[in-house]
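Colleague: build me a model from this:
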Amino acid sequence: MLANNFKKSLLAVNVGIALGAGFSGVVVAEESQSQNQVQENVEVIEVRGIRRSLKESINTKRFATSVVDAVSAEDIGKFPDSDVGEALGRIPGVAVNRQFGQGQQVSIRGASNQLTLTTLNGQSVASTGWYDQQAIDRSFNYTLLPPQLISAIEVFKSSQADLVEGGVGGTVNVKTRKPLDLDSNSAFFSVEGEYSTESEETDPGLSALYSWKNADETFGVMGAVAYEDSTYVRRGNEASYGWDGAESVNYFEQQRERTSIDITAQYAPTENSEFVLHYLGLELEADNANNSIFLFTNLNNCEKKIAVSDVCTVRSNTAENPAPNRAFLQTFARFASMESEVIDLAYNYHGDNFKVETRLGSTSAEGGTDLTINHAAYLGTAADLNGLVLDNSGKVSSVNLPKGGWNISEFDPSWDDRGLQNWASQKAPNKDEETYFQADLTYNLDHDYITSIKAGVRWTDHEVERDSYRPTHNTHNTIDPTQFWTGSDTSGTDANVAIPTPDINAMRANAEATFGTWYHDRSGYSTVEEENLAIYLMANYSGENYRGNFGLRYVSTDASSKYFAPMPGFVDPNGIGQNNGLSSSIVEDKGDYSEILPSFNLAYDLSEDSIVRVSLAQVISRPNYNDMFAATQIAGYGDTQRGNETLTKGNPNLKPFKATQADLGYEYYYGDANMIAITLFYKDVSNFTTSETTLNQSVGIVDPVTGQDNWQVNTQVDGDGGDILGFEFQVQHELGGGFGTLFNYTYADGSVDESNFSDAVGLFSDSSENTINAVAYYEQDDVSVRLAYNWRSKYMIRETGFYGNRMHDDYGSLDLTASYNVTDAITLRFAAVNLTEEDSVQYGVAEFPAGTKPSIRDGYAAWSYKGDARYSLGVDFRF
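Modeller: Here you go, the predicted structure:
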């Protein structure tokens, strides 16, 4: 009886998969060969609406073999969230990092976001960042992806042999559409405006899709495009205690212009074969200005100290104990961009009892900072800071400044070096590219238990390049700063300090007029090259009341890194200080490793209404590129901060992060569309990339600002691992009358050897112990409304460079979406993100004397940023 129910329900499973079932729901896709056989004979019926989609998602989860949680678009352009990262945050066990407003990276089940693998239709997608202060890693920046082009996003939490290796936390697979799956002449057009409470601007967005296929449904072409022009503003306070007890009060503004193109051609010459050619182009222009004013304090006038480290947390200035310096205005202008492209060709053939699937493609990305410049000036006098009280004793710093700010008439003309700061001028381009080939064979068996055997091979050639260029500067006259700062911004977490507004285009013109010859900054150049080979064998099995798969995946990797060889005593004659001690000869370091990764998945039907799931696997995540770059990377050279001078040398011979993981789940289904499920999970990470840190090292490089040769040196090595133990609980219940609810909670208790980190904190990066997602919805006829709350507990952020390692406080976002179908072809929609304008709060957590600067130790209030709510109104047209 159970077997019959299982086979009949597969029909409903495949309908849900083909259409994308879930307005914010959690769906689980069945990847076994038996499902594929049924799917070929299923007539796809269009499913619309929240309740119907959630019913399909439950049906899909109930009869799946392996767990794949997902968010799917109900229809073309009807993705449940306005941001891909936010949509992923609805899935149990997934936590989202929103460092710059939108969801950028995701962590799964307590593992770092750098241990999450992202694929596009099952293959790699190249990605680079726009920010030169962020490390180059393997995480994907989801701000590149417009939700209008996506049909579904799957999150694989358990592994199986035919999955691409690389996700210790899990694998996120982004799925796009194909023309033969859509009606001929399907067309979609959307226009929207989005308002931000911080920028106080309304930004436009456009998207469109058209799909055609011939009458025989053997050939089709689909094209889609999305465009968005937006302004992102972030106000906040940043601790700079090492520089005369300063607090930096900031106004960050970024102009984002995102363009995306997706083109797919599909040709099915016979009933048994098809070719699919797919192109995806993503481009993001991200010019930005970080406008900061440094407020200094007299540390002798200290009201409260951290006893263990003698660091002052509450200090003030008076006429008797004045500030040690005037207010210092600094603007980093960064002209930045990212581009990613994917070209993929697939050929699939179905025989009587076998299936062959092949993929050949390439993906490339270019990005980084096209130009970084810095302009600075002193404002007023030290007396302007009289009465200033800085309080960093809580989680959020408090800035009380009686003066209230400065205007453009208060620049101090006595500083001859005001204006362009030569030390900061830089170009920092990055490249990422991969060529891949994959072939899979599935052979169906007439066997009582083993239903099919699947085998395959995958080869990739991957190269990442980090580079840097710095100019010589012609003599430039002392300038009038009012040429480059005009008007006034409110800055800081409380938006209570007025600072002049930068004109970054005027700054760029001024800087470019001084540039002489651009020289290679050899310390900033390094590559990582990887050649990967994977071979796997997997068996699918099923019986009267069970189903699953088991297999092995073999992975072999050859890695290398190129960089400029050291030359002790060399002084660069062009004044590029970072080149000191480096030759012009490129050398190469190498490494290699191989792994055998077993996996086992079982779904056992206890009854018609309850299922037990078991999975066991070994998984790996390759080390981050930034840790593999063999060049010595310099941070803190020549900037305004004291004590942050750091040298980091990577190692291409690092072994991958490796984990043994297990899942045990129970699911109970009741009523027509209701479900309760709980899953226990455990990850034992046996290898971990860490750094050996030595302090106060003389390396032969003198910082031009401090005049000292005193560096923290980090070397990347293989370290001890850790473990994560936790559980996921989820419930879905239809209340009646159009009302319903979803709720999920994840607990992840992760610990790792504290010696792996310079902060000596034994926690995985990006790991929240608790995450909650609660959704209430109403749908009746043409109206649908959804209110969603997503919350995560505190988590560690670890970054190289200025910001370092610190704790991010708990964070919650309350979001609202609503839509109304004016006609069958026209839909009005509204969305509100972060209605409560939740702030981003970050504080020091390392204990003295850990190898970190004072502002990220001992609970010191380090960084805090004002929350931004976004409201959008759009209209969709379908034809």
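Colleague: only C-alpha atoms from now on, for both contacts and neighbour counts.
Modeller: Noted.
Colleague: doesn't residue 877 fall inside a strand?
Modeller: Yes: judged by DSSP: H, G, I helix; E, B strand; the rest coil, residue 877 forms part of a strand.
Colleague: list the contacts of it.
Modeller: Contact analysis of residue 877 by CA atoms under 8 Å, 6 or more residues apart in numbering lists 188, 189, 190, 825, 826, 827.
Colleague: so how far is residue 208 from it?
Modeller: Distance of residue 877 to residue 208, given as CA to CA, to the nearest Å: 9 Å.
Colleague: next, show the common contact partners of these two.
Modeller: Common neighbours of residue 877 and residue 208 (CA under 8 Å, 6+ apart) are 188, 189, 190.
Colleague: what's near enough to touch the residue lying closest to the second one once chain neighbours are set aside?
Modeller: Across the structure, with CA to CA, 6 or more residues apart in numbering as the measure, the residue nearest residue 189 apart from its sequence neighbours is residue 208 (4.3 Å). Taking CA under 8 Å, 6+ apart as the definition of contact, the neighbours of residue 208 are 187, 188, 189, 190, 224, 225, 226.
Colleague: name the element the second one belongs to?
Modeller: By that I understand residue 188. For residue 188, the element it lies in under DSSP states H and E is strand 186-196.
Colleague: direction included, what does that strand pair against?
Modeller: Strand pairing for strand 186-196, determined by DSSP bridges: strand 202-213 (antiparallel), strand 870-878 (antiparallel).
Colleague: now these as a markdown table including mean pLDDT and distance to residue 663?
Modeller: A markdown table is the format used below for the strands paired with strand 186-196 (pLDDT from 0 to 100; distance: least, CA to CA, whole Å):
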| stretch | mean pLDDT | distance to residue 663 |
| --- | --- | --- |
| strand 202-213 | 95 | 40 |
| strand 870-878 | 94 | 38 |
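Colleague: which stretches of the stretch 351-500 of the chain form strands?
Modeller: Using DSSP state E, counting those that start in this stretch, the strands of the stretch 351-500 of the chain run over 354-379, 389-391, 398-400, 419-420, 426-444, 450-466, 469-473, 485-491, 497-502.
Colleague: hey, which of those is tucked in deepest?
Modeller: For the strands of the stretch 351-500 of the chain, ranked by mean neighbour count under the definition mean count of other CA atoms under 10 Å, the leader is strand 419-420 at a mean of 25.
Colleague: partner strands of that strand, with direction?
Modeller: Partners of strand 419-420 in its sheet, by DSSP bridges: strand 354-379 (antiparallel).
Colleague: any idea how far residue 578 is from the nearest residue to residue 510 once chain neighbours are set aside?
Modeller: Nearest-residue entry for residue 510: residue 420, 7.9 Å, with adjacent residues in sequence omitted and distances by CA to CA, 6+ apart. To residue 578, residue 420 is 19 Å away according to CA to CA.
Colleague: got any ranges where the stretch 51-200 of the chain has weak pLDDT?
Modeller: 51-61, 64, 73-83, 99-104, 133 (pLDDT under 70).
Colleague: ok, now with 90
Modeller: Along the stretch 51-200 of the chain, the parts satisfying pLDDT under 90 run over 51-116, 118, 120, 124-158, 167, 169-177.
Colleague: can you give me the strands for it?
Modeller: Using DSSP E, counting those that start in this stretch, the strands found in the stretch 51-200 of the chain span residues 68-72, 94-97, 105-108, 116-120, 123-124, 152-156, 170-175, 186-196.
Colleague: picking that back up, OK, contacts around the residue nearest to residue 510?
Modeller: Counting by CA under 8 Å, 6+ apart, residue 420 touches 373, 374, 375, 376, 507, 510, 511.
Colleague: okay, the strands of the stretch 51-200 of the chain in a markdown table with mean neighbour count and distance to residue 259 next?
Modeller: Converted to a markdown table, the strands of the stretch 51-200 of the chain look like this (neighbours: other CA atoms under 10 Å; distance: least, CA to CA, whole Å):
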| stretch | mean neighbour count | distance to residue 259 |
| --- | --- | --- |
| strand 68-72 | 27 | 22 |
| strand 94-97 | 26 | 23 |
| strand 105-108 | 27 | 20 |
| strand 116-120 | 23 | 18 |
| strand 123-124 | 22 | 20 |
| strand 152-156 | 25 | 20 |
| strand 170-175 | 23 | 18 |
| strand 186-196 | 19 | 14 |
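Colleague: follow-up on the earlier one: okay, the strands of the stretch 351-500 of the chain in JSON lines with distance to residue 556 and mean pLDDT next?
Modeller: Below are the strands of the stretch 351-500 of the chain laid out as JSON lines (distance: least, CA to CA, whole Å; pLDDT from 0 to 100):
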{"stretch": "strand 354-379", "distance to residue 556": "19", "mean pLDDT": "95"}
{"stretch": "strand 389-391", "distance to residue 556": "53", "mean pLDDT": "96"}
{"stretch": "strand 398-400", "distance to residue 556": "53", "mean pLDDT": "93"}
{"stretch": "strand 419-420", "distance to residue 556": "49", "mean pLDDT": "92"}
{"stretch": "strand 426-444", "distance to residue 556": "15", "mean pLDDT": "96"}
{"stretch": "strand 450-466", "distance to residue 556": "10", "mean pLDDT": "96"}
{"stretch": "strand 469-473", "distance to residue 556": "35", "mean pLDDT": "94"}
{"stretch": "strand 485-491", "distance to residue 556": "51", "mean pLDDT": "89"}
{"stretch": "strand 497-502", "distance to residue 556": "51", "mean pLDDT": "93"}
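Colleague: mind checking those for the one nearest to residue 858?
Modeller: Residue 858 sits nearest to strand 389-391 of all those, at 14.4 Å, using CA to CA.
Colleague: what lines up beside that closest one in the sheet?
Modeller: Using DSSP bridges, the strands paired with strand 389-391 are strand 311-316 (antiparallel), strand 398-400 (antiparallel).
Colleague: give the rounded mean pLDDT of the first one.
Modeller: If I follow you right, that is strand 311-316. The predicted model gives strand 311-316 an average pLDDT of 96.
Colleague: which residues does it contact?
Modeller: 297-299, 301-306, 386-393, 854, 860.
Colleague: format the CA atom coordinates belonging to that strand as PDB.
Modeller: This file holds the C-alpha atoms of strand 311-316, laid out as PDB (Å, rounded to 0.1, in the frame of the first residue of the first chain):
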ATOM      1  CA  VAL A 311      41.300  50.700  27.400                       C
ATOM      2  CA  CYS A 312      39.100  53.700  28.000                       C
ATOM      3  CA  THR A 313      35.400  53.300  27.000                       C
ATOM      4  CA  VAL A 314      33.900  56.600  28.200                       C
ATOM      5  CA  ARG A 315      36.000  59.700  27.700                       C
ATOM      6  CA  SER A 316      35.400  63.400  27.100                       C
END
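Colleague: for the stretch 751-879 of the chain, what spans make up the strands?
Modeller: 770-780, 783-792, 795-798, 805-808, 811-821, 826-833, 840-843, 861-865, 870-878.
Colleague: the ones you listed: which one's closest to residue 258?
Modeller: Checking the strands of the stretch 751-879 of the chain against residue 258 by CA to CA gives strand 870-878 as the closest, at 16.7 Å.
Colleague: pLDDT below threshold where in the stretch 501-650 of the chain?
Modeller: In the predicted model of the stretch 501-650 of the chain, residues 523-524, 565-572, 574-582, 608, 624, 626-627, 630-650 satisfy pLDDT under 90.
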